[in-house]
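Q: Structure for this input, please:
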Amino acid sequence: MTKTTIDGIVDIAAKPVVERRAAAKGRVTLKASTREAIEAGAITKGNVLEASTVAALQAVKETPRIIPHCHPIPLEGTRVNWEWDGSDLWCTVEVNAHYKTGIEMEALAGVCAGLLCAFDMVKSLEKDHAGQYPTATISDVHVVEKFKQA
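A: Now for the predicted structure:
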């Protein structure tokens, strides 16, 4: 008989509580006309940046529920920033806490959810005649900074 044991959540009991910060970033590329509609407040689903900020914040808080090996972390702060670069909409999420394990997954989850929400809210403007999205892409999601107090 072959037996396989799969570890659950990593045991962090012996690790000290220290200050931790993480920032992640990513972008959604849109048509120039979609950017204009967002800035004019002409999106039928509502304010894209406000709704997408809420999506990012929810994802940060729910990270352990969507990524199985993440620990629930007592978050102390989260900041969501949106910036246009041409028709690229960049989302940056910064997270901080004092805990025993890193928080970069929370920052990454926040960026991804924020960008997905923005995409969802404008997808009707991004479709071509065949119902495809030739311009709209989500890309360049990455950790910008990870800090752990020594």
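
Q: what sits against Gly110?
A: Gly110 makes contact with 24, 56-57, 59-60, 78, 80, 93, 95, according to CB atoms under 8 Å, 6 or more residues apart in numbering. Bear in mind the C-beta positions are built from the backbone N, C-alpha and C, glycine included.

Q: again with Val10
A: With contacts defined as CB under 8 Å, 6+ apart, Val10 is in contact with 69, 71, 101.

Q: Out of those, which end up buried?
A: Thr101 (16 or more other CB atoms under 10 Å).

Q: ok, so of the contacts of Val10, who is nearest Lys3?
A: Comparing the contacts of Val10 against Lys3 with CB to CB picks out His69 as the nearest, at 21.3 Å.

Q: The contacts of Gly110 in helices, which ones?
A: 56-57, 59-60 (DSSP state H).

Q: Going by distance to Val111, which of those wins?
A: Taking CB to CB as the measure, Val111 lies nearest Ala56 of those, at 6.9 Å.

Q: Where does confidence bottom out across the contacts of Val10?
A: In terms of pLDDT, the lowest of the contacts of Val10 is His69, showing 91.

Q: now the strands for the protein?
A: When assigned using DSSP state E, the strands of the chain occupy the ranges 18-29, 75-85, 88-99, 137-148.

Q: for this structure, which helix is longest?
A: Max-length helix for the chain by DSSP H is helix 104-126.

Q: Report the angle between that one and strand 88-99.
A: Angle of helix 104-126 versus strand 88-99, following axes from the mean of the first three to the mean of the last three CA atoms, to 10 degrees, is 160 degrees.

Q: circling back to that earlier point, closest to Ile38 out of the strands of the chain?
A: Relative to Ile38, the nearest member of the strands of the chain by CB to CB is strand 88-99, separated by 7.7 Å.
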